[in-house]
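S.K.: quick one: sequence plus predicted model below, questions after.
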Amino acid sequence: MKLTRGSFAFPGTTLGYKTGTWRIQRPEHAHRRAPCHAECPAGEDPQAYLALLDEGSPRDAWECLVSANPLPAITGRVCPHPCETGCNRGQYDEPLAIHSIERFLGDEAIAHDWPYPVTAAEANAPHVAVVGAGPAGLAAAYHLLRRGLQVTVFDETSEAGGTLFSIPDYRLPREIVRAEIRRLLETGISFKPNHKLGRDIHLQDLQQEYAAIFLGPGLMQSREWNVDGVTPTDLHEGLHLLKQWSDVSSLPEMKSAAVIGGGNTAIDIARVLKRNGVDTQIVIHSSLPDPEHPSEEDMRAIPREIDQALEEGIQIHDHHGVKRLILRGEKLTGIEIVRMRKLRNDKGRLHRVAFEGTESILHVDQVIPAIGQVIEPTGMENLLNGSSWLKVDEWGQLAGKDNIYAGGDAIEGNSGTVTEAVGNGRIAAQAIAAKLKQQELPAIDKSESIPFESLNMEYFEPAARAEQALLPVEERVGETEIESGLSGRQASREAKRCFACGNCLRCDNCWTLCPDSAVLKTEEVMVDGSYYVFDYDYCKGCGLCANECPSGYIRMLDE
Amino acid sequence: MSTNNQAITSEQFVHLRKNQPRFEGIESGHRACLGCGEALAARLVTEAAGPDVMIANATGCLEVFTTPWPESAWRLPWMHSLFENAGAIAAGMEAALKAQGKHTKVLAFGGDGGTFDIGFQALSGMLERGHNVLYVCFDNEAYMNTGIQRSSSTPHAAMTTTSPPGSERMGKRHLKKDILSIVAAHHIPYAATASVAYPSDLRKKIRRAMAIEGPTFIQIHSPCPLGWGHDGADSIKVARLAVQTGLFPVIELERSELIGSMPIRNPRPVTDYLELQQRFRHLFDKDDTRAVEELVHIQALADHNIKHYNLRGEGMDALDSDGADSVRRGGMRWA
Amino acid sequence: MRKALEGSQAIAQTVALCRPQVVAAYPITPQTHIVENIAKLVADGKMDCELVSVESEFSAASLVLGAVSAGSRTYTASASQGILLMSEVLYNIAGLRVPMVLTCANRAISAPLSIWNDQQDSMAVRDAGWIQLYCADNQEAVDTTIQAYRISEATELPVMVCVDGFTLTHTLEPIDIPDQDMVDTFLPPFNFKRALDPASPTSVGTLVSPDFYPEARHSHHHALLNAADEIIAADADWKQLSGRSAGGLLSVDGPDDARIGIITLGSVYGTLSAARDEYPDLPATKLIKLRAYRPFPIDALHTACTGLTDLVVLERALSPGYGGIVSSEVHAALSGMATVPRIHSFAVGLGGRDIPLDIYRKLHDQIDVPEPGPFTIIDVELEKLPVEDHGSEQSASG
């Protein structure tokens, strides 16, 4: 080293001094699951497709979305969207309208006929049979195909869709169901309609002919209902009325009805009846949901649907049960209802208590039970062994059955949503593919999602949530869908509201705020999904980047 | 789950460093403390100013931590002479470049000591004579390089090694000098304050000053973790609170007229700012009536600033104290 | 072409011939006339430079430092308090090894306040690391100013041209101002290789650790020592062009066999030279004109003093509590000679006190003693002081 005259120095020569040696903590990019991702029963990562949408690539966003859920136009309409309940933005202003974005992307794909990003399986690939073309079966078929397997789907009806056709049109138009499923089946899934298990096909045969079987039978039979053993002779069950409405667009003659039950079927049939001029009330022993105080006693139907039903003039008698049917001869003229609550007895067990003196009469000419469905066991008797449910492990594999998997509403403990059925199909397909290809099965990600407190709200601005237009009550007639989708402009603006929880927002904050220029911006996206690298040669570990990362994507680790 | 991938080679790092999509006036390897607000401010300033500049830097932390011979962090022609003459050195550079018919912009950098105090006269002379120089004061509110002694920029009641609290004192007895008004009173075309917590605003002001022919002045509030007694990771948070409380008004003056300010959307109580910093810890003794009085005093100073500069925002504004630092996907902050 | 000019006017015109691009100054008596004349030249379009009238000497020095660092030839001038105010910058300029020329219109230092001439100001910054050249008359001031630019730019050391205030700066003399072609021939265009440049951005004014600081000082010291050759060469080259020498490092005037020498800096040389003619009966005396005070020309001084029995050091400043500043250095410098002359140390003409011709006789009286006395301010009139301030018997004897 020779001293320069006047002791001048050459530019940028501090690079020779590695300030990284000062560090006792290092920043790291730490991807953590966004709550929307962790909460999605279908396994979607909404923040990932919101990011792509924000970047102006709706098609990429849709491809990202259908990498988990091939039925977004459908689930975007009917899912109770736990993603939005979990969304961290809900603790700042309002959650992202994820379901509206999902629907938007699904509708865009249909409108533009974007092909699903799959290729048909090789002719010699293992072949899997899927029984039941409802959401679980279709999702399983699609994910099996994505993994290079051949798939044949059997359904007892003439059309794929299963339980989706029992959802009324004003919520889920049939043409959407048909369009999305048609496009899905065109990916190379072989569909065999009018094949009923136990009648046209048999498990033993399928086991012989196929490398594996996925069962998605659904719950196609209504749960039995009576009051002290009594039922009216002209009793119509909610599920069957919905099917009838869906198939032939007509309902039995009635003036007034009391629907019994608090699930989506109850709400759906009540609203269909109302649209057909029937004065409809709902009786349910659980409570109307209160968004401020969610409770286990809440009705199971989607809160949004309940709200809309109330708007449409359907009276809901919550915390009530039917005490007595009032019959004139065999004809129902009314029901006596009574206030009830779930209370703990002295053994600590919950039971329902009816309160004497709270009885009242509803004058109705029909009582329509919608208290749930059960499995239709034909052809699966040996699997069920008298149980009402199919019992599977976390990968959907039936206990003790090597190559038989199941998913959807028929699974024990299932919440009964379309989205969960899709998730079951996806997970089972993953397990089946791994088994048939003799690959390792990665563990299911059960990691905690990133909490609100890990984000930095200083970098976000309040912004109103995109709301889908809703028909005014007076225009909610017939089969017209009452919610319309977001416009492209609305959708992309909504995508900008995403906090990118636990992921790189590419906002440049770390790069902008590092006093040591130890964060470098990359030209291409890095494999961790970010556009930045830490130059540990110079990073002093001050932690500024971690503090100021809006999305909680940087954490400090001890050296 | 961590998918941190740093698997890039040192050659790729060198390539990346050379190809950052911004001008890097100060290189890594400088010796600033962890979370140094001044290092960040200087980086942002030089980034916005670009390569065609010449810098006169007063004695201080910035000078010391960037140029331990034989190394220099600067990628710009840069000169340090003395503590009190940055204004005059810059004026000389400007006179020389003018004589040579060159258009390189001269920047002068000083800390608050080198600007408010010892270098004030040279600064005043430079402003009065109308040199085409952008003077940037990195205001960290005390003599940090010499070990945290009070300057005329040190805020009221702050503890420094020469304004310690004790039975007869509650930290600095005097007020922070209003250097901006004094500077602006030279009738210069542009004088502004900025904060490291609002980089876009800061860069915008630098670019604005760069475009003006004549003397301009920008005072940048730059937290000093060591001197203020806060975690280096909190430098931005602290700087932001200084603005959001009203204690550090972010304003612009042209020919000494107030022409712009960053509105405060939701003024925060000064205690939110003070409690993060050890230099104010003596104000949080609830049993000490003097401490209580000083807190009220400081709140009154903040309220006075808000009133005097009319800082209270009217609703949400993208460029207010909450909006001006908002980010978006793909970078491209405001301005 | 010889013209009757005031010293300051001559210096200003000479500075203009050297084509500085930036001039900065702050007014202080007796430097003012130089800068006023430059201002007039600029105002009349006869000098093309950025003239910056700054708010202090500190900024004057700083401004020219900034300007030279940005690649321009510069000029400044000051005196007395101004030199002291800029002293921090003077050290800085020299340590940064940048070329520039400063005229010091030598003046006493306050307190007590005096606007008159002595050399306490430039002596106070003796160790700043500048080349210091003292001028005996205004022609030397002109020639030295031109040479100073060449020396400074060749050595990358700043040069302080010391010109006695009033005595020279405000005195009308016939002076030969060279023409522009001659100066241009002598002085190449300014080209400072270490000038700051956005195209190759270096950093100047770094922090140097103990590992290199002594080396920096060594280098600076030797640069000054080595500058002696350039001072000699510049003077020789200038003589070839103009026919005039300004006296190299030092010059000697007097018979070779003289046994007495008097060494001086600045204009007092002229007084002694005239006095020597007035007192032809006094012993033969060599007058040694020390032009380069820094670097201090030890070898040339040895040569000049060879054969002397008595050497008078006559200076215009002092180090209170010690005595002569120059004399102590002369003492040390001559200690290596085979036969060291007796050294007599006097200060004279402090704060503008007149130096009459009979100083020459007085000096001869003073050295006619068995042993040289202590340092003495030669014309102090003790009766003007209270008794308790008379000092010791011995030191007051002069």
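M.R.: Okay, I see it.
S.K.: what's the closest non-adjacent residue to the residue in the stretch 1-150 of chain B that chain C sits nearest to?
M.R.: In the stretch 1-150 of chain B, the residue that lies nearest chain C is B:G92 (2.6 Å; Cβ to the nearest Cβ). The C-beta positions use only the backbone N, C-alpha and C, and glycine is treated the same way. Closest residue in space to B:G92, ignoring its immediate chain neighbours: C:G66 at 2.6 Å, by Cβ to Cβ, 6 or more residues apart in numbering or on different chains.
S.K.: tell me, how many residues neighbour the one you found?
M.R.: 35 (other Cβ atoms under 10 Å in any protein chain shown).
S.K.: ok, it - contacts?
M.R.: B:A56, B:M79, B:S81, B:A88, B:I89, B:A90, B:A91, B:G92, B:M93, B:E94, B:A95, B:A96 (Cβ atoms under 8 Å, 6 or more residues apart in numbering or on different chains).
S.K.: quick one: average confidence on the strand or helix carrying the last one?
M.R.: It refers to B:A96. B:A96 is located in helix B:86-99, with elements delineated by DSSP states H and E. The average of the pLDDT scores along helix B:86-99 is 98.
S.K.: next, the angle from the following helix or strand past it to helix B:86-99.
M.R.: Remark: after helix B:86-99, the chain's next helix or strand is strand B:105-111, criterion DSSP H and E. Between strand B:105-111 and helix B:86-99, the angle comes out at 170 degrees (axes from the mean of the first three to the mean of the last three Cα atoms, to 10 degrees).
S.K.: adjacent strands (with direction) for strand B:105-111?
M.R.: In the sheet, strand B:105-111 lines up against strand B:53-57 (parallel), strand B:133-139 (parallel) (DSSP bridges).
S.K.: is the very next helix or strand once past the last one positioned near chain C?
M.R.: Next along the chain after strand B:133-139, taking DSSP H and E as the criterion, comes helix B:179-184. No: for helix B:179-184, no contact with chain C is found by Cβ under 8 Å from any Cβ of the partner chain; the gap never falls below 14.8 Å.
S.K.: show me what helix B:179-184 is packed up against.
M.R.: strand B:190-195, strand B:216-221, strand B:251-254 (3 or more Cβ pairs under 8 Å, 6 or more residues apart in numbering or on different chains; DSSP states H and E).
S.K.: which residues does the last one contact?
M.R.: Around strand B:251-254, the neighbours that count as contacts under Cβ under 8 Å, 6+ apart are B:180-181, B:184, B:189-193, B:205, B:258-262, B:309.
S.K.: cutoff 7 Å now
M.R.: For strand B:251-254, contacts defined as Cβ atoms under 7 Å, 6 or more residues apart in numbering or on different chains pick out B:L180, B:A184, B:P189, B:Y190, B:A191, B:A192, B:T193, B:L258, B:I259, B:G260, B:S261, B:Y309.
S.K.: buried ones in it?
M.R.: Residues of strand B:251-254 classed as buried: B:I251, B:E252, B:L253, B:E254 (neighbour count, 16 or more other Cβ atoms under 10 Å in any protein chain shown).
S.K.: so which residue is dead centre in the chain?
M.R.: This is for chain A. Centroid check for chain A by Cα atoms, centre = their mean gives A:T419 as the closest residue, at 3.3 Å.
S.K.: chain B was what I was after
M.R.: Geometric centre of chain B, nearest residue: B:I220, 2.1 Å, by Cα atoms, centre = their mean.
S.K.: who are the contact partners of that one?
M.R.: B:I220 neighbours (Cβ under 7 Å, 6+ apart): B:A41, B:V136, B:C137, B:F138, B:D139, B:A194, B:S195, B:V196, B:L202.
S.K.: so how many other residues sit close to the nearest residue to C:F346 once chain neighbours are set aside?
M.R.: Computed as Cβ to Cβ, 6+ apart, the closest residue to C:F346 that is not its neighbour in sequence is C:I378, at 4.6 Å. Residue neighbour count, defined by other Cβ under 10 Å, stands at 18 for C:I378.
S.K.: could you do the one 3 residues further on as well?
M.R.: Applying the criterion other Cβ under 10 Å, we find 6 residues in the vicinity of C:E381.
S.K.: helix, strand, or coil at A:I335?
M.R.: strand (DSSP: H, G, I helix; E, B strand; the rest coil).
S.K.: that one reaches A:G321, doesn't it?
M.R.: No: judged on Cβ atoms under 7 Å, A:I335 makes no contact with A:G321 at a distance of 10.1 Å.
S.K.: okay, these two: which has more neighbours?
M.R.: Set A:I335 next to A:G321 and count neighbours by other Cβ under 10 Å: A:I335 wins out with 25 against 18.
S.K.: so for the host helix or strand of A:L557, mean pLDDT?
M.R.: Here A:L557 sits within strand A:554-558, counting by DSSP H and E. Per-region confidence: strand A:554-558 scores 97 on mean pLDDT.
S.K.: can you name every helix or strand that it contacts?
M.R.: Packed against strand A:554-558 by the contact rule (3 or more Cβ pairs under 7 Å, 6 or more residues apart in numbering or on different chains; DSSP states H and E) you find strand A:25-29, helix A:544-548.
S.K.: okay, now the sheet partners of that strand, with direction.
M.R.: strand A:25-29 (antiparallel).
S.K.: export only the CA atoms of the strand it pairs with, formatted as CSV.
M.R.: Below are the C-alpha coordinates for strand A:25-29, written out as CSV (Å, rounded to 0.1, in the frame of the first residue of the first chain):
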residue,chain,number,x,y,z
GLN,A,25,-28.2,-11.1,13.2
ARG,A,26,-29.0,-11.7,9.5
PRO,A,27,-32.1,-10.8,7.6
GLU,A,28,-33.6,-13.6,5.6
HIS,A,29,-36.5,-13.8,3.2
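S.K.: who's in contact with the helix or strand just after it?
M.R.: Next helix or strand after strand A:25-29 toward the C-terminus (DSSP H and E): helix A:35-39. With contact meaning Cβ under 7 Å, 6+ apart, helix A:35-39 is reached by A:44-47, A:82-83, A:85-88, A:98, A:449, A:501.
S.K.: show me where the stretch 1-150 of chain A has its strands.
M.R.: A:25-29, A:127-131, A:150-154 (DSSP state E, counting those that start in this stretch).
S.K.: close to chain A: what parts of the stretch 1-150 of chain C are there?
M.R.: Neighbours of chain A within the stretch 1-150 of chain C, by Cβ under 7 Å from any Cβ of the partner chain: C:L96, C:R97.
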